[in-house]
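compute the structure for the input listed below.
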Amino acid sequence: MKILHVLPSMDPASGGTRAGAVLLCNQSIRMGIESEILCLDDPGESFLAHVDFPVHALGPTKATYRKSKHLVPWLKQNAAQYKVVIVHGLWQFSSFGTWLALKDSNTPYYVFTHGMLGPWFKKTYPLKHIKKWLYWPWAEYRVLRDATAVLFTCEQEKILARQSFWLYQANEVIAGFGAEAPPQNTDTDNLFLKNFPQLIGKRILLFVGRLHPVKGCDLLLDAFLACAELDESLCLVFAGPDQEGLQKKLETVAKNYGLHSRVIFTGMITGNQKWDAYRSAELFILPSHHENFGVTVAESLACGLPVLITDQVNIHDEISADGAGLVAEASADGITLKLNQWLMLNRAEREKFSKRAVECYQSRYTLDVMTTGFLNVVLNNYI
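Residues are numbered from 1 along each chain as shown. A predicted model of the protein is given here:
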């Protein structure tokens with residue numbers, strides 16, 4: 001039994017789509033199911049050298065659409081050796097090319113949308129939405145319509161997807177999602193604090209993710225500026241790649257308030273440094289305008305780090321129900337209100353949140369929970 005995951009890129013900076021595919025691939029292999037990845041990267045990319053499973057790189061490609069002349073022929077030639085094909089994400093050639101190759105074949109394919117049908121993009125980028133309409137009827141609409149199933153991480157994501165385009169048809173299935181647990185902390189040397197010693201002894205508010213308008217980084221900074229005077233030891237950390245040139249704008253705002261030294265930008269952090277960042281913080285904040293799941297939320301919970309998320313993060317109902325964090329309106333005032341609430345808690349109250357964070361992760365978002373749900377959906381005809 002073999003599964004093929006298809007996605008645009010294996011670049012770690014590409015975000016949750018790549019992270020989700022790698023997690024599912026690794027965990028499926030641990031459960032005895034062969035799994036491989038097909039991507040449209042240049043085979044010589046350095047980030048492909050550190051992968052522990054087969055990767056078929058059919059690039060390089062040009063432009064953001066990543067069209068490859070090799071994708072369709074490769075799939076037509078090799079699809080029969082796979083029980084199922086999983087398409088990760090939409091709006092790039094990897095999804096449409098898979099449909100072209102498999103629409104008349106006996107190999108079923110599934111689509112994991114990874115939140116790419118959220119209505120926030122429709123409202124915020126109307127011109128881009130109009131552009132997408134130009135090829136929606138003959139491309140992505142068909143990709144979803146003909147898939148054996150379209151997979152969503154939670155009920156809220158499924159409901160919101162229906163608001164994206166009026167011409168929408170899909171066999172909708174909730175497969176769930178999750179994140180890996182942190183490795184056992186046997187090293188007393190905190191790599192994160194070693195690299196950013198100015199944060200030693202500080203109360204760290206942590207954001208991990210791409211610096212992108214959809215993530216609400218500006219809302220978080222405004223909330224921090226409003227609360228900074230409550231405790232001089234408070235520091236805000238933005239940990240993630242700057243793909244939109246947003247960091248300079250945020251730095252300018254912090255500098256104008258005289259708080260530049262308390263707002264730290266680390267760039268992308270991975271491995272033990274990432275886990276040490278979670279362990280060093282007292283609150284993780286994801287102020288997104290739209291988020292289908294939030295792998296970093298689950299990672300935080302796994303570390304016993306309570307979260308403050310907006311009501312536009314689709315798992316906010318679960319976080320509230322489990323008492324694992326706070327949920328705010330997706331506005332600067334909303335986040336400020338909840339941040340103030342957090343800062344007023346005493347140590348014992350914060351420790352209760354931390355305990356419930358771990359319980360929430362263990363009951364909902366472990367890799368075993370995620371992969372079992374995924375495999376039950378996509379392999380139900382074979383196991």
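
which stretches of the chain form strands?
Ranges of strands in the chain, per DSSP state E, are 2-6, 34-39, 55-57, 84-88, 109-112, 149-152, 172-174, 203-208, 234-239, 263-265, 283-286, 307-310, 325-328.

closest to residue 247 out of those strands?
strand 263-265 (5.4 Å; CB to CB). (Each C-beta comes from the backbone N, C-alpha and C, glycine too.)

tell me the mean pLDDT for the closest one?
Mean pLDDT, strand 263-265: 98.

hang on, the earlier thing: format the strands of the chain as CSV; extra columns: mean neighbour count and distance to residue 369.
Output for the strands of the chain, formatted as CSV (neighbours: other CB atoms under 10 Å; distance: least, CB to CB, whole Å):
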stretch, mean neighbour count, distance to residue 369
strand 2-6, 23, 18
strand 34-39, 22, 18
strand 55-57, 19, 26
strand 84-88, 26, 18
strand 109-112, 26, 16
strand 149-152, 25, 15
strand 172-174, 16, 13
strand 203-208, 22, 21
strand 234-239, 23, 26
strand 263-265, 19, 33
strand 283-286, 26, 20
strand 307-310, 26, 18
strand 325-328, 23, 19
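
any weak-confidence spans in the stretch 201-350 of the chain?
Applying pLDDT under 70 to the stretch 201-350 of the chain flags no residue at all.

re earlier: let's have the strands of the chain in CSV, adding distance to residue 193.
CSV is the format used below for those (distance: least, CB to CB, whole Å):
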stretch, distance to residue 193
strand 2-6, 36
strand 34-39, 34
strand 55-57, 34
strand 84-88, 34
strand 109-112, 36
strand 149-152, 38
strand 172-174, 39
strand 203-208, 9
strand 234-239, 11
strand 263-265, 11
strand 283-286, 17
strand 307-310, 21
strand 325-328, 23
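
out of those, nearest to residue 375?
Taking CB to CB, strand 2-6 is the member of these nearest to residue 375, at 8.9 Å.

so what strands line up beside the closest one?
As defined by DSSP bridges, the strand partners of strand 2-6 come to strand 34-39 (parallel), strand 84-88 (parallel).

those strands: which one's closest to residue 10?
strand 34-39 (4.8 Å).

still on that earlier bit, got the strands paired with strand 2-6 as CSV, with distance to residue 138 columns?
Shown next, in CSV, are those (distance: least, CB to CB, whole Å):
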stretch, distance to residue 138
strand 34-39, 23
strand 84-88, 17
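
may I see the ones you listed organised as a markdown table, with mean pLDDT added?
Shown next, in a markdown table, are the strands paired with strand 2-6 (pLDDT from 0 to 100):
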| stretch | mean pLDDT |
| --- | --- |
| strand 34-39 | 96 |
| strand 84-88 | 96 |
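
for residue 152, which non-adjacent residue is closest in space?
residue 158 (4.2 Å; CB to CB, 6 or more residues apart in numbering).

would you mind measuring from that neighbour to residue 314?
9 Å (CB to CB, to the nearest Å).

comparing the two, which shows the higher neighbour count?
residue 314 (25 against 20; other CB atoms under 10 Å).

in contact with that one, which residues?
Each residue near residue 314 by CB atoms under 8 Å, 6 or more residues apart in numbering is listed here: 115, 153-154, 156-157, 160, 291-294.

show me the two of the residues you listed that sit farthest apart.
160 and 294 (14.3 Å).

ok, residue 105 - contacts?
By CB under 8 Å, 6+ apart, the neighbours of residue 105 are 76, 79-80.

show me which of those is closest to residue 8.
Nearest member of these to residue 8, counting by CB to CB, is residue 79, at 18.5 Å.

about what we covered before: among the contacts of residue 105, which are in helices?
Mapping those onto helices (DSSP state H) picks out residue 76.

ok, and the closest non-adjacent residue to residue 268?
residue 241 (4.5 Å).
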